[in-house]
Every structure is written in structure tokens, then in C-alpha cells.
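**Q** fold the following for me, if possible:
(one chain, ligands or ions: 1)
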Amino acid sequence: MKKQELTISFTEFESENELSKEEQQLLQKARAASDLAYAPYSNFHVGAALLLENGVIVSGNNQENVAYPSGLCAERVAIYAAGATYPDIKIKAIAVTCKSTQFHVSEPLSPCGACRQAISEYEMRYKSNIKMILAGETGKIRVIDSMADLLPFAFKAEELKKNR
Ligand code: THU
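**A** Here you go, the predicted structure:
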């Protein structure tokens, strides 16, 4: 038996103003995307904005469905839009934010497991880390350098191979 440990590192900022101009701009795009979310069932509006290596920003927001599981999170709407429109262009960073019509969100959003796996795929596809910038409506901002830190045991393509 061997007990093992993993540590992750992340940075917290007290306010948006402490981010770089590029990060602030990305977060603003994520906020604008959250305003356009379609979330009539949860009333929880999430926006994501991806910065590509070519400077393009691709946004997305959660799209809900009356058959609840048919809906999709903002992060996957955005990353699949980027994959569909700009294949082979690396994704440098993703800003994600949320707000509710029922309560105030003062903590950074924590992406769901499925979105972590989906984002992880693009880190592996482009062999390049994706910086995560996570925010609530107000409060601290959490920045993580790579999705691998948020999902250390991601399911990987090697696991589908016989002789690994
Ligand atoms: N949601 C996202 O868009 N991203 C997340 O990381 C967590 C949850 C959405 C899904 C659903 O439309 C609503 O938030 C409530 O779960």
C-alpha cells in the first residue's frame, strides 16, 4: 500500500481590477455571454469566453431544455463552438462567470465534471494548457493555470488502447 498525495496550485485575486487587461476583457465577454444565457428552469445564468491563440474570442452560455439533461453548460457550448469554427487553433484561456435571478453569487463558479473533461480534451488535443479564470457576480476571482489541475485524473485517449 502506498498513500499518495496531489497538490494543486491556483491564484486568487480580491477583485477583477487585479487581473491583466487581457483577462479582464475576457471576463467581461463572459459576463456579456451570461446575459444571453437561456436558463428558464434553473434561473442560473452562466457565461464562458475563450481566448484563442489567434486573438479571437469565442463565447457561449448555458442552453437549457425542458427535457433537463438535453441542456448544455456554457463552457461546453463555447468550447465546442471554438472546436467547430476554429479547429487546430489553440485555446489560451477561458473565463467563466455566473449569476442567478434568485440570489447573489459572491463565490467563483466551479465548472462541473463533464465540462472539466471536455476542456481537458482540448488541452490534450492542442498539447497546450488552458488557463481557467473563474468568477461569480462579485467577490474573488480564481485563476488556475491548467485544466489538468482541476481534473488530474482525466480520462485519456491512451486508456482506449490495448497495449498501454
Ligand atoms: N452550468 C453551467 O453552464 N456551467 C457550469 O459549470 C455549471 C452549471 C449550468 C447548467 C444549468 O443550465 C445551470 O447552470 C444549473 O445547473
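
**Q** secondary structure element holding the residue nearest to Asn17 when sequence neighbours are not counted?
**A** When the adjacent residues along the chain are set aside, Asn17 lies closest to Gln24, with 7.5 Å between them (C-beta to C-beta, 6 or more residues apart in numbering). C-beta here means a position set from N, CA and C on the backbone, and glycine is covered the same way. Of the helices and strands defined by DSSP states H and E, Gln24 is found in helix 21-35.

**Q** and Ile133, by the same measure?
**A** Under the criterion of DSSP H and E, Ile133 resides in strand 131-134.

**Q** repeat that for Glu107.
**A** Using DSSP H and E, Glu107 falls outside every helix and strand.

**Q** the helix holding Gln24 close to the ligand?
**A** No: looking at helix 21-35 against the ligand by C-beta under 6 Å from any ligand atom, there are no contacts, and the closest approach is 9.0 Å.

**Q** buried set for that helix?
**A** Judged by neighbour count using 16 or more other C-beta atoms under 10 Å, the buried positions of helix 21-35 are Glu23, Gln24, Leu26, Leu27, Gln28, Lys29, Ala30, Arg31, Ala33, Ser34.
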